[in-house]
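**Student:** My questions are about this predicted structure, shown below with the sequence.
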Amino acid sequence: MEKIINSRGENTERRYVTRFIGLGFGVVITLMLALAATTLMRLDRIKENIRQIAEDHTIHAQMAHRMFDVARERTYLLFKIANTDDLFLADELVMRYRGLEREFNQARQAILKLHLVPDELALLELQRQAGEKTALYQEVVLDHVFAGRREQAGAALLKDAMPAQEVVLNAIDRIIDMQHQEVAQASKKASEHEHQAYLFLLIGTAVATLLSGWIAFYVQGHMSGLMRRLSDKSEQLRLSLRDLEFQKQALDEHAIVSITDARGHIVYVNDRFCAVSQYSRPELIGSDHHIVNSGQHPKQFFQDMWRTIASGQVWHGQVCNRRKDGSFYWVDTTIRPFIGDDGRPDRYISIRTDITTVKEAETLLKFGNEELEDMVAQRTAELAEREAVLQRITGSAQDAIVMIDHNDRVTFWNAAAERLFGYSQEEMLGQLLHPLLMPAAMKARQEAAFSHFVADGKGELVDKTTEMSARRRDGSEFPIDVSLSAVKIKGKWCGIGIARDVTSRKQAEAALQLLADTDTLTRLPNRRKFDAVLSTEVSRAQRHATPLTLVMLDIDHFKSVNDSYGHPIGDSVLIELARLVSSHIRAHDIFARWGGEEFAILATHSDGEETRHFADKLRLLVAEHTFPSVGHLTISLGLATYQSDERIEDFLARADKALYVAKSEGRNRVESL
Ligand code: FAD
């Protein structure tokens, strides 16, 4: 819409084209009217001329014919006068004769009054002269008649009067002819004028038509572009209006809207205004907002409001209004003035949101504040009591109770923690916990776990009891059991740990473990322990591709020792062998009792050749050794070197088989597979 309103160029062009069209048609119409008027005037003049000519001609013709007729009748009367014997009749005829003379002169005078051409005037002059002559001759005839000289009268008539009269008649006749010619010429001229007028009209019409055509062509050219642009603009306008309608709908749905005139009289309210105020639209329109005035604001409030909006500025404020039923409601109000052509506001639009609930909450909050403060004081006292109880409990607890905030800083440290770690409460509060208590080896793992913990209060160790190492103030490390839990304080995850020293338990466990892994007779690792070590070393050998050799060792003819010397001596042989071999194997090799008189050695980082050499040395060592009560004994040895990806059972089976081969090949020997 704004675009259209602001498109001054478009409007100027539209005005220009409209003016041009108006001007063009004005010119054409004026031209046509002038043409018609001129033509009509010309035609009127021609008509007038023709009428005048016709009238003149009629009079002219009548008078000329009258003269002619009168002249002839007079000649005839004169003839009758000259030939009658009756004097009374002659008198009567003379009187008529004289009367006709007056008629003749009257007709002539009438002709003279008309517009006459010089030829006509000359003919009339000729007629006058001839007439005067004729009159003289006729008087002579009459003198003869009244003197009784009838014969002389007849002779004078025939000889002088009648020829003279003939001249007059000829002259009149020629005047009549001339008159005819004149009429013919006048009529021809009138006809020419008429043709000219029609031609003029025709040319004028053609010019006007051409002009109209050119204007139409020009208009069509400009109008189609203009119409297209107008249609574009109209589409834009339609879309803008639609958008405005949507905006209005959206506004109406959420806001209380009213519009007033400059005097504050309401001219528009939306449905929401009616619904909230409980007044109907007819009740509101024409009234002013005083209708909803609650009386809750001082006079100054509205004075300021009016001063602001009347000066053309936007006013914003919270207004308490009264519904029709007398109840109050609060509106957050914005009033925007619309400036008229005279530069002063001519409309005010107000847009409000209902904030009654917020205001009620504010009131409640205000009134409830004291109560709340009492409650807070009471609650603080309760909390202080509880804290004291908690202090007593945690103070007397045997386990260390430690609390840290989201920055790893210690916020709680009980007496047991002081005892366990060797730091006092004063020293620890506010300190970073983990750098002080965590062994250096665990630092990286602990830092990663802690950053996860502060993010969501979760972690591997949370809500569990976990065994781990801790460091005392003196730097000594010791095992502890820690139960960790998470607590959110002011939106941040904090940790609580309950720790207990488990050193003695660990020692007892280690002793028990040793017992479980040791052969009670020889004090060597038993088969269970050997199995565990074998599994570990096989994995290691696989991982690092290091050589690993297994030696199975068995005392030859041990059964006969037992049978000959009894079991206690047999046991002492086993103990002596264990001691002997143990003192010769490398520190990182494992020597275990496999069962009965059978032993196993796991030589790590040793290939078959090296180990075979070592096994042979052992065989010789034993063969040369003197066992108390028994004397010399021999051992057989079977060895196998671990092959890549070999199963442990197969590895064991190969060593066992090698031992079997050594036994079957005559004992006191080393075999490998
Ligand atoms: P008023 O007689 O109105 O006088 C109060 C002050 O306003 C006086 O200083 C007076 O000089 C000045 N004043 C009044 N009319 C005009 C004017 N036409 N031009 C310049 N100054 C003037 N009032 C509400 O209580 N609640 C509303 O929600 C509310 N909404 C309004 C929305 C709009 C668009 C407008 C224009 C006014 C609104 N008012 C509203 C104000 C309302 O018109 C009254 O001015 C107000 O209610 C105080 O009424 P009153 O009879 O006590 O005082």
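**Tutor:** Yep, that arrived.
**Student:** pLDDT wise, what is the residue nearest the centre of the chain at?
**Tutor:** Taking C-alpha atoms, centre = their mean, the centroid of the chain lies closest to residue 243, which sits 11.0 Å from it. pLDDT recorded at residue 243 is 85.
**Student:** Can you tell me the element it falls in?
**Tutor:** Per DSSP states H and E: residue 243 is located in helix 162-254.
**Student:** what's the answer for residue 403, then?
**Tutor:** Going by DSSP H and E, residue 403 is in strand 400-404.
**Student:** moving C-terminal of the helix holding residue 243, what's the next helix or strand?
**Tutor:** By DSSP H and E, the next helix or strand past helix 162-254 is strand 256-261.
**Student:** and that following strand with helix 162-254, angle?
**Tutor:** Put simply, strand 256-261 runs at 140 degrees to helix 162-254, going by axes from the mean of the first three to the mean of the last three C-alpha atoms, to 10 degrees.
**Student:** who touches the helix or strand just after strand 256-261?
**Tutor:** Toward the C-terminus, strand 256-261 is succeeded by strand 266-269 as the next helix or strand (DSSP H and E). Applying C-beta atoms under 8 Å, 6 or more residues apart in numbering, the contact partners of strand 266-269 are 257-261, 281, 284-289, 347. In this view, the C-beta of every residue, glycine as well, is placed from N, C-alpha and C.
**Student:** Serialize these to JSON lines and add fields for neighbour count, pLDDT and distance to residue 105.
**Tutor:** JSON lines is the format used below for the contacts of strand 266-269 (neighbours: other C-beta atoms under 10 Å; pLDDT from 0 to 100; distance: C-beta to C-beta, whole Å):
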{"residue": "257", "neighbour count": "18", "pLDDT": "92", "distance to residue 105": "106"}
{"residue": "258", "neighbour count": "23", "pLDDT": "94", "distance to residue 105": "105"}
{"residue": "259", "neighbour count": "14", "pLDDT": "94", "distance to residue 105": "100"}
{"residue": "260", "neighbour count": "21", "pLDDT": "96", "distance to residue 105": "101"}
{"residue": "261", "neighbour count": "14", "pLDDT": "95", "distance to residue 105": "96"}
{"residue": "281", "neighbour count": "13", "pLDDT": "95", "distance to residue 105": "103"}
{"residue": "284", "neighbour count": "20", "pLDDT": "96", "distance to residue 105": "104"}
{"residue": "285", "neighbour count": "14", "pLDDT": "96", "distance to residue 105": "99"}
{"residue": "286", "neighbour count": "10", "pLDDT": "95", "distance to residue 105": "98"}
{"residue": "287", "neighbour count": "16", "pLDDT": "95", "distance to residue 105": "103"}
{"residue": "288", "neighbour count": "14", "pLDDT": "94", "distance to residue 105": "103"}
{"residue": "289", "neighbour count": "20", "pLDDT": "95", "distance to residue 105": "107"}
{"residue": "347", "neighbour count": "15", "pLDDT": "94", "distance to residue 105": "97"}
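**Student:** for this structure, what are the low-confidence residue spans?
**Tutor:** Regions of the chain meeting the criterion pLDDT under 70 cover residues 1-17.
**Student:** so who does residue 254 touch?
**Tutor:** With C-beta under 8 Å, 6+ apart, residue 254 has these contacts: residue 353.
**Student:** I should have written residue 409 there, sorry.
**Tutor:** Taking C-beta under 8 Å, 6+ apart as the contact definition, residue 409 lies against 430-433.
**Student:** Next, give phi and psi for residue 598.
**Tutor:** phi -100, psi 140 (degrees, to the nearest 10).
**Student:** and it, what does it touch?
**Tutor:** Taking C-beta under 8 Å, 6+ apart, we find residue 598 in contact with 552-554.
**Student:** Show me which of those residues is closest to the ligand.
**Tutor:** Of all those, the one with the least separation from the ligand (C-beta to the nearest ligand atom) is residue 552, at 104.0 Å.
**Student:** Check whether the closest one sits in a helix, strand or coil.
**Tutor:** Secondary structure state of residue 552, per DSSP: H, G, I helix; E, B strand; the rest coil, is strand.
**Student:** and it, bridged to which residues?
**Tutor:** Going by DSSP bridges, residue 552 is paired in beta bridges with residue 600, residue 638.
**Student:** can I assume it is in contact with residue 594?
**Tutor:** Yes - Residue 552 is within contact range of residue 594, at 7.0 Å (criterion: C-beta atoms under 8 Å).
**Student:** quick one: which of these two has more around it?
**Tutor:** Legend: neighbour count by other C-beta atoms under 10 Å for residue 552 and residue 594, higher for residue 552 (25 against 19).
**Student:** dump the residue contacts of that one.
**Tutor:** Applying C-beta under 8 Å, 6+ apart, the residues near residue 552 are 594, 598-600, 637-639, 655-656, 658-659.
**Student:** Who wins on neighbours among these?
**Tutor:** Most neighbours among the contacts of residue 552, by other C-beta under 10 Å: residue 637, with 28 neighbours.
**Student:** Quick one: list the elements packing against the helix or strand that contains residue 130.
**Tutor:** Per DSSP H and E: residue 130 is located in helix 118-146. Judged by 3 or more C-beta pairs under 8 Å, 6 or more residues apart in numbering; DSSP states H and E, the packing partners of helix 118-146 are helix 8-83, helix 87-113, helix 150-156, helix 162-254.
**Student:** tell me the angle of it relative to helix 87-113?
**Tutor:** Orientation check (the same axes, to 10 degrees): helix 118-146 against helix 87-113 gives 170 degrees.
**Student:** got the angle for helix 118-146 vs helix 8-83?
**Tutor:** Interaxial angle, helix 118-146 versus helix 8-83 (the same axes, to 10 degrees): 20 degrees.
**Student:** Pull out the buried residues from helix 118-146.
**Tutor:** Neighbour counts using 16 or more other C-beta atoms under 10 Å place 120, 123-124, 126-127, 130-131, 133-135, 137-138, 140-142, 144-145 of helix 118-146 among the buried residues.
**Student:** Also near the ligand: which of the contacts of residue 598, exactly?
**Tutor:** Among the contacts of residue 598, proximity to the ligand is found for none (C-beta under 6 Å from any ligand atom).
**Student:** burial of the residue in the stretch 401-550 of the chain positioned nearest to the ligand, as a residue count?
**Tutor:** Proximity of the stretch 401-550 of the chain to the ligand (C-beta to the nearest ligand atom) peaks at residue 491, 40.5 Å away. Neighbour count of residue 491, defined by other C-beta under 10 Å: 6.
**Student:** Check residue 400 too.
**Tutor:** Residue 400, neighbours per other C-beta under 10 Å, totals 24.
**Student:** so who does it touch?
**Tutor:** Residue 400 neighbours (C-beta under 8 Å, 6+ apart): 414, 416-417, 419-421, 497-500.
**Student:** Provide the secondary structure category for the nearest residue to it once chain neighbours are set aside.
**Tutor:** Spatial nearest neighbour of residue 400, chain neighbours left out: residue 417 (3.6 Å); criterion: C-beta to C-beta, 6 or more residues apart in numbering. Three-state call for residue 417 (three-state DSSP): helix.
**Student:** can you list the residues of the chain near the ligand?
**Tutor:** 260, 263-264, 288-290, 292-293, 302-303, 306, 310, 319, 321, 335, 348, 350.
**Student:** Kindly recompute the last result at 8 Å.
**Tutor:** Within the chain, the residues that sit near the ligand (C-beta under 8 Å from any ligand atom) are 258-260, 262-264, 288-290, 292-295, 297, 299, 302-303, 305-307, 309-310, 319-321, 331, 333, 335, 348-350, 352.
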